[in-house]
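Student: with the input below, show me the fold.
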Amino acid sequence: QAQLVESGGGLVQTGGSLRLSCAYSEGALSNYAMAWFRQAPETKREFLAGISISGGSSYTADSVKGRFTISRDHARNTVSLQMDSLKTEDTAIYYCAAKERTWHIDPARYQYWGQGTQVTVSS
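Tutor: As a prediction, the model looks like this:
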């Protein structure tokens with residue numbers, strides 16, 4: 001059974017940094033594109049960044065471009081999201097997700113999801 005497990009969330013002050021990690025099942029998800037989303041209370045799930053199967057190409061949404069960076073390590077079966085210059089509006093539950101072939105901004109296109117990790121940014 002394919003599995004995604006996020007970690008690294010927590011409480012941080014405005015302007016601080018966090019690094020989220022998503023560990024995925026070797027073999028099952030090694031050939032899937034990966035992405036990070038977030039969801040704040042009473043909002044839709046928002047696409048943040050996607051990365052290709054190889055890890056050679058990625059895309060970051062304009063809303064977080066310049067502050068968030070996605071990366072992938074096949075040797076460790078992990079996908080990470082480095083988050084810098086955090087703002088209070090970044091407070092949300094953050095999810096990693098896996099999709100066949102290539103990433104997409106629509107969360108409905110993804111086959112597998114992690115359980116989410118809470119990020120809280122205080123002023």
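Student: contacts only, for E42.
Tutor: Residues near E42 by Cβ atoms under 8 Å, 6 or more residues apart in numbering: none. Using the backbone N, CA and C atoms, a C-beta is placed for each residue, glycine as well.
Student: I'd guess it is in a strand, am I close?
Tutor: No - assessed by DSSP: H, G, I helix; E, B strand; the rest coil, E42 does not belong to a strand; its assignment is coil.
Student: bridging residues for S7?
Tutor: S21 (DSSP bridges).
Student: sorry, that was for F37
Tutor: Note on F37: beta-bridge partners by DSSP bridges are F47, Y95.
Student: hang on, it packs against A92?
Tutor: No - F37 is beyond contact range of A92, at 9.1 Å (criterion: Cβ atoms under 8 Å).
Student: so what sits against both of the two?
Tutor: E46.
Student: next, count neighbours for the residue nearest to V119 when sequence neighbours are not counted.
Tutor: Leaving aside its chain neighbours, V119 sits nearest to G9 (4.8 Å; criterion: Cβ to Cβ, 6 or more residues apart in numbering). Per other Cβ atoms under 10 Å, the neighbour tally for G9 reads 18.
Student: where does G9 fall, phi/psi-wise?
Tutor: phi -70, psi 170 (degrees, to the nearest 10).
Student: show the pLDDT at it.
Tutor: Per-residue pLDDT puts G9 at 97.
Student: and what of S25?
Tutor: Note on S25: pLDDT of 81.
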